[in-house]
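Below are the sequence and a predicted model; questions follow.
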Amino acid sequence: MNIYQINTRPRHLRYIYFIDESLPNETFLKLVFQNQHYWGGRYNPIIPVKDNKILPGYEQIIAYYDPDIVFYSSSIDIEVVKQLRLFNPIGYFELGKKPSSRDITGVDVFYLLSFFDSNAKVMLAQGFHNTKNTLLNFYRINFGLNNTAVVSDYEISKKYQQVIIDGEKLKEINKIIHHDKPVNVAALSKINLNTIVLRSLKYAQYDDFEIIVAKDHMGTVDLLYYWNRGLYQHKNLMYVTLDELKELCKDKFFGGVLHDLKGDKSVHVVSMTLSKEEIEALIKETLRPIGFNTNFFYKDISMFPFEITDGNGLYERNYGEQVNTQTLVSETGLVHLPKLSFTNAVSYYSQEWAVDLEIKADSAHEQQRRLFPLTTQVWHIAKEMTGRINLTRNISIIINNQRTIADTFKLNVPSFNDLARQLIIRPVVHGESTETKIIDIGPHDASNRLNAFIKAFKYNFSSINDFFSDKFWVDILEYLSTNEKVAGDAITFSEIFQRAEAMYAELGKQLMPKGQSWFNAENLQLGLKRMVIRLCSYQVFFKGFNLKCPMCSSEFWYHINEVREVINCKGCLQDYTLPIEPEFAYKLNDLIRNNIFQTRTTRDGNLTVIRTLGTFRFNSSDAFQYSSQVNLYDDYHSNKPCGDLDILCLENGKLIIGEAKYSSKGFMENKAKSLASLAEIAKQVYPDVILLTCSKDENKKLEKAKTGLLHHFKDWPYTPKIEIMTLSEPDYFEAGGNGYFVY
């Protein structure tokens, strides 16, 4: 029985917006205001698209994000975004659709005031929505000052010193910001993060304060820069139009506001719509006269989006919530939803956040992470919860303060067979559950043999790889599988030792006398005996005796449990007395033989499958699950499968399906029927990887098989990664190691 460690961590919702570059400025501003009012909202990328193409440079940005939800403008063909295969959100939703299929939600940033002490001042708006002030947009964008605060803002912030900005106070707002330094909405949306913050050492320093000056309100290019520049590490940003800046600089306190925002650094003044000459004139004539102890410099930003040059900066911030750990003693149990650290209760209106869920299984031998393919149905695991598989291959569930009533949810950790059934029959694609033509899966004879083989090795793929990559033992197993001598599938220890001596002679290595070197016959015998013990413990070999009947001269192998003082001959059925000191003979288990050879001359593909799984197990660290070969069925009324999969496994959460052949020429048989069948299956189940593997690649036919498989995806927009693998030939690499010599 497994014991499961469940790690949960709440975080803010993460969005990405794909907008047409011609989106009106007013619509863009509304999007900015919405995001700044939610926890973590300032770090949601807004990506411009023109003629259904993402503008140059932005793909490098979005590759680092893992959004829960993707929104897009109605004019954008969302298939263009889906085909990037960069995201796995709960869905793709159209902005401005009536009625809306999903709202932009989150957790009200005012709850984050709990990070401040009760003496903190909070800036709130009141009753100036009809005020004719040309600077309202400036204060909304840079300080989150809504035209009129909603009731919840007043209620949540009532324990703090509220600084109410009405129509009259708006005239002296710069003085208030400079002297009182109140907390504002825009600042709150940037704290307690759990997201990626980009770095660009070459173009964007970490302590930069930039003033982004737009020529006017007509376009969005400067506003777009302001928003996405915020994704890179920085100190402060300010967005302002040319007319707004000139108006602001008439206020003597605005210079103090700039001074507070810059800290002890200089200020860069940038623009996408004003020339260098215009910016430098603006600095000289408008900014320097009001900027006491402040240096202003022009900065070229034409290369934005900036190259991401500091790899160490691309990590998920740990400034957010803490991890909570629980333990389940079975595959099914109740998991407590973690509380938000900054509030006891989220209320007033519909608000949402996410909880990331990590599962680790503690067995008797090891701890394994349970990672999942992107096509996993989350509600089968986190019962009745809305969620997705995130890009770390863990589970993210969505919590709604009005719909999630209970403090717990039921978790069911699926077996791999149950998970595989869902992945093949009903995969989730782009957030939507789909139905494939496959209605059931099941084992067949070859898979039963394979399972029994792996079980014989106590599910230890490392040991399987050790023995089946060692030419000495592979030669012995093949010899016992194909030898037609009487009792030829059994071997004595003396024969094993003689074969070892012959191996070292072939390698040009001379065994030394005892006392002169560890490389001696006695030491070798001890090492070989230790390996035989291991093979007997795995039931690769059975202990017994080759005994010759004195009456009929027939020689038969007898299991040790069959041997008594009196032996009954298997040939003439006469009894005879057990000889004195018979030598042990180790018989190859037929189960092992049948996974290597179908007949004495025809290879079986099972060993290729087993060794392939072993290779993935070695590479997958602590997150590997597999199934033996499975038959696929598309008709409840027929026992005839419509296809099969030789390889079906998860490596670090990636779904891998594939075909295994002993020889690569097998892929070309029957007009490459196996490749066509594999491609058809892949187009339905959306695997991460398709694998073609063989033990022997003849005339580079494995590469030809890959080319042939790719042809089936010629017009398919979601071509999976196709990999080929030729298993390494067994060698004598371990022959000089401590596996053969004890001392």
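Looks like it came in fine. The structure displayed is predicted, hence computed values, not measured ones.

helix, strand or coil for the residue nearest to D208 when sequence neighbours are not counted?
The shortest distance from D208 to any non-neighbouring residue, by CB to CB, 6 or more residues apart in numbering, is to H234 (4.9 Å). For glycine as for every other residue, the C-beta is placed from the backbone atoms N, C-alpha and C. Taking DSSP: H, G, I helix; E, B strand; the rest coil as the rule, one finds H234 in the coil state.

pretty sure H234 contacts E210?
Yes: at 7.1 Å, H234 and E210 qualify as touching, with contact defined as CB atoms under 8 Å.

ranges for the helices of the stretch 101-250 of the chain?
For the stretch 101-250 of the chain, applying DSSP state H, counting those that start in this stretch gives helices covering 136-143, 151-156, 173-180, 185-188, 221-229, 242-248.

My error: substitute the stretch 601-743 of the chain in the last question.
Taking DSSP H, counting those that start in this stretch to define them, one finds helices in the stretch 601-743 of the chain at 606-619, 669-685, 701-711.

Most tightly packed of these?
Mean neighbour count (mean count of other CB atoms under 10 Å) peaks for helix 606-619 among the helices of the stretch 601-743 of the chain, with a mean of 21.

Counting neighbours, go ahead and name the busier of H234 and E210.
Of the pair H234 and E210, E210 is the one with more neighbours under other CB atoms under 10 Å, namely 23 against 16.

residue contacts, the more buried one?
Going by CB atoms under 8 Å, 6 or more residues apart in numbering, E210 touches R229, H234, N236, L237, M238, V267, H268, V269, V270, K299.

now D731
Going by CB under 8 Å, 6+ apart, D731 touches S469, D470, K471.

Distance-wise, check the nearest residue to V107 once chain neighbours are set aside relative to A120.
Using CB to CB, 6+ apart and skipping the chain neighbours, the partner closest in space to V107 is W39 (4.2 Å). According to CB to CB, to the nearest Å, W39 and A120 sit 17 Å apart.

cool, and L591?
Taking CB to CB, one finds L591 at 72 Å from A120.

Which one of W39 and A120 is surrounded by more residues?
Set W39 next to A120 and count neighbours by other CB under 10 Å: W39 wins out with 28 against 15.

Name all residues that make contact with that one.
H12, G106, V107, D108, V109, Y111, L112, L188, S189, N192, W353.

repeat that for 7 Å
W39 makes contact with H12, G106, V107, V109, L112, S189, N192, according to CB atoms under 7 Å, 6 or more residues apart in numbering.

and which of the contacts of E210 is nearest I46?
Closest approach to I46 among these (CB to CB): R229, at 11.3 Å.

Reformat the contacts of E210 as a markdown table; add distance to I62 and pLDDT.
Shown next, in a markdown table, are the contacts of E210 (distance: CB to CB, whole Å; pLDDT from 0 to 100):
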| residue | distance to I62 | pLDDT |
| --- | --- | --- |
| R229 | 15 | 96 |
| H234 | 19 | 90 |
| N236 | 24 | 94 |
| L237 | 20 | 96 |
| M238 | 25 | 97 |
| V267 | 29 | 93 |
| H268 | 25 | 95 |
| V269 | 28 | 96 |
| V270 | 23 | 97 |
| K299 | 24 | 94 |
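
Reformat those as CSV; add distance to D68.
Shown next, in CSV, are those (distance: CB to CB, whole Å):
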residue, distance to D68
R229, 23
H234, 24
N236, 27
L237, 25
M238, 29
V267, 35
H268, 33
V269, 36
V270, 31
K299, 34
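
In strands, which of these fall?
Counting by DSSP state E, those place N236, L237, M238, V267, H268, V269, V270 in strands.

what's across from the fourth one in the sheet?
Put plainly, it is V267. Using DSSP bridges, the beta-bridge partners of V267 come out as F209, F296.

Tell me where the model's unsure across this protein.
Applying pLDDT under 70 to the chain flags the ranges 1, 129, 148-149, 310-318, 364-366, 486-487, 621.

Greatest separation within the contacts of W39: which pair is it?
G106 and N192 (12.2 Å).
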